[in-house]
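S.K.: what's the 3D shape of this:
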Amino acid sequence: MGSFTISPSDLYATLGRPNMGSSGAPTILDVCKCEDYDVEPQLIPGARWRDHQLAAQWVHEIPRGQRVVTVCVRGKKVSQAAAAELRLLGVDAAALIGGMEAWKAAGLPTVAKRLGIGNRDGRASRWVTRILPKIDRIACPWLITRFLDPAARFFYVEPAHVIESAKELSAIPYDVDGVELTHRGERDSFDAILEDFGLKDAALERLATIVRGADTARLDLAPEAAGLLAISLGISHQSGPEDHEALERGFQVYDALYAWARYAAGETHNWPATKLKA
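M.R.: I've put the predicted structure just below:
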């Protein structure tokens, strides 16, 4: 198992990664007492609430080998007790040093609890939009999965039935006329989710500009927008009517773009100017 604690900066370094074992993002569990959790309006991105005193009932949800980070208000008795309990059950768990207070004091991104995100009943969020996704309807599910709810489920239906289907599926409709999370003037649905959930992160803002440029035919907004448009249309062509296949392929693109925006945007690459002489 790894160390018993993790710093806010080290946890932040994992945000945006897929949950893939030791090299990916950990599962973040907010284990605050109910009275503390209910008065806190924000979450660490991707966090889910769990009652650590009932860990034996839900520990099977955690994939084998998946690292877990527990969070409470100050990173003291509650999150440390939760991490200790999970480690006893065979889970590689660590407590966040300083808890939510230290995370917010460091100015790290948070997510507003709304539209069911941050519920205490353990339900995964459900989202519905139009079939045949290309850009926004793949970028938004990626954003939701990586930063709002790792367990989110996505549904695709014909455009005329999105709002009705949202009611039938108890799902949140997005990227369609007449709903809350959709285009707003020159800004797209990806922008709307960032805005409404209060998610502020420099790399995400850079990615949002690229998505907006590709999705709204404003390729002048970012040099990378034309490339994203080309790749997205290629994925759509490859996937045909298989919407979730397009989603799976697209997630790899957005994982790479986000990693580039956070860590590699300043790098350059060129064929070596000098060549070996015969």
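S.K.: for stretch 108-116, buried residues please.
M.R.: In terms of neighbour count (16 or more other Cβ atoms under 10 Å), stretch 108-116 has its buried residues at Leu108, Pro109, Thr110, Val111, Lys113, Leu115, Gly116. Where you see a C-beta, it was placed from the backbone N, CA and C, and this is true even at glycine.
S.K.: packing partners for the helix or strand bottoming out on mean pLDDT in the chain?
M.R.: Within the chain, no helix or strand scores below helix 55-58, which has a mean of 90 by mean pLDDT, DSSP states H and E. Contacts defined by 3 or more Cβ pairs under 8 Å, 6 or more residues apart in numbering; DSSP states H and E place helix 55-58 against helix 77-88.
S.K.: buried stuff in the helix it packs on?
M.R.: Val78, Ser79, Gln80, Ala81, Ala82, Ala83, Glu85, Leu86, Arg87.
S.K.: and what of stretch 49-56?
M.R.: Buried, per 16+ other Cβ under 10 Å, within stretch 49-56: Trp49, Arg50, Asp51, His52, Ala55.
S.K.: how much space separates the second one from Trp103?
M.R.: In this structure, Arg50 and Trp103 are separated by 18 Å, where distance is defined by Cβ to Cβ, to the nearest Å.
S.K.: by contact count, what packs against the top helix by length along the chain?
M.R.: What stands out as the longest helix in the chain, according to DSSP state H, is helix 243-259. Contact partners of helix 243-259 among helices and strands, from 3+ Cβ pairs under 8 Å, 6+ apart: helix 136-143, strand 153-157, helix 202-215, helix 225-239.
S.K.: where does this protein dip in pLDDT?
M.R.: 20-23, 273-278 (pLDDT under 70).
S.K.: can I see the domain layout of it?
M.R.: 5-112, 126-264 (automatic domain parsing).
S.K.: can you convert those into JSON lines and add a column each for distance to Trp271?
M.R.: Converted to JSON lines, the domains of the chain look like this (distance: least, Cβ to Cβ, whole Å):
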{"stretch": "domain 5-112", "distance to Trp271": "30"}
{"stretch": "domain 126-264", "distance to Trp271": "18"}
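S.K.: of all those domains, which one is nearest Arg120?
M.R.: When those are compared by Cβ to Cβ, domain 5-112 sits nearest Arg120, at 5.0 Å.
S.K.: deepest of the helices and strands packed on helix 243-259, which one?
M.R.: helix 136-143 (a mean of 25; mean count of other Cβ atoms under 10 Å).
S.K.: please enumerate the helices of the stretch 51-200 of the chain.
M.R.: 55-58, 77-88, 99-105, 136-143, 162-169, 189-196 (DSSP state H, counting those that start in this stretch).
S.K.: could you export the ones you listed as a markdown table, including distance to His244?
M.R.: Formatted as a markdown table, these follow (distance: least, Cβ to Cβ, whole Å):
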| stretch | distance to His244 |
| --- | --- |
| helix 55-58 | 26 |
| helix 77-88 | 31 |
| helix 99-105 | 33 |
| helix 136-143 | 10 |
| helix 162-169 | 15 |
| helix 189-196 | 18 |
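S.K.: and of these, who's closest to Asp243?
M.R.: helix 136-143 (8.4 Å).
S.K.: and for the least confident helix or strand of the chain, what are the contacting residues?
M.R.: Arg50, Ala82, Glu85, Leu86, Leu89, Gly122 (Cβ atoms under 8 Å, 6 or more residues apart in numbering).
S.K.: try 6 Å this time
M.R.: Helix 55-58 is contacted from outside by Glu85, using Cβ atoms under 6 Å, 6 or more residues apart in numbering.
S.K.: cool, and stretch 110-124?
M.R.: Contacts of stretch 110-124 (Cβ under 6 Å, 6+ apart): 41-43, 45, 49, 125, 148-149, 151-153, 172, 197-199.
S.K.: how long is it end to end?
M.R.: 19 Å (Cα to Cα, to the nearest Å).
S.K.: distance between that stretch and the chain's centre?
M.R.: In terms of Cα atoms, centre = their mean, to the nearest Å, the centre of stretch 110-124 is found 13 Å from the chain centre.
S.K.: hey, where'd the strands end up in the stretch 1-150 of the chain?
M.R.: 5-6, 27-30, 42-43, 48-49, 68-71, 93-96, 111-112, 126-130 (DSSP state E, counting those that start in this stretch).
S.K.: can I get the ones you listed in CSV with distance to Glu224?
M.R.: Converted to CSV, the strands of the stretch 1-150 of the chain look like this (distance: least, Cβ to Cβ, whole Å):
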stretch, distance to Glu224
strand 5-6, 32
strand 27-30, 29
strand 42-43, 29
strand 48-49, 32
strand 68-71, 31
strand 93-96, 33
strand 111-112, 25
strand 126-130, 24
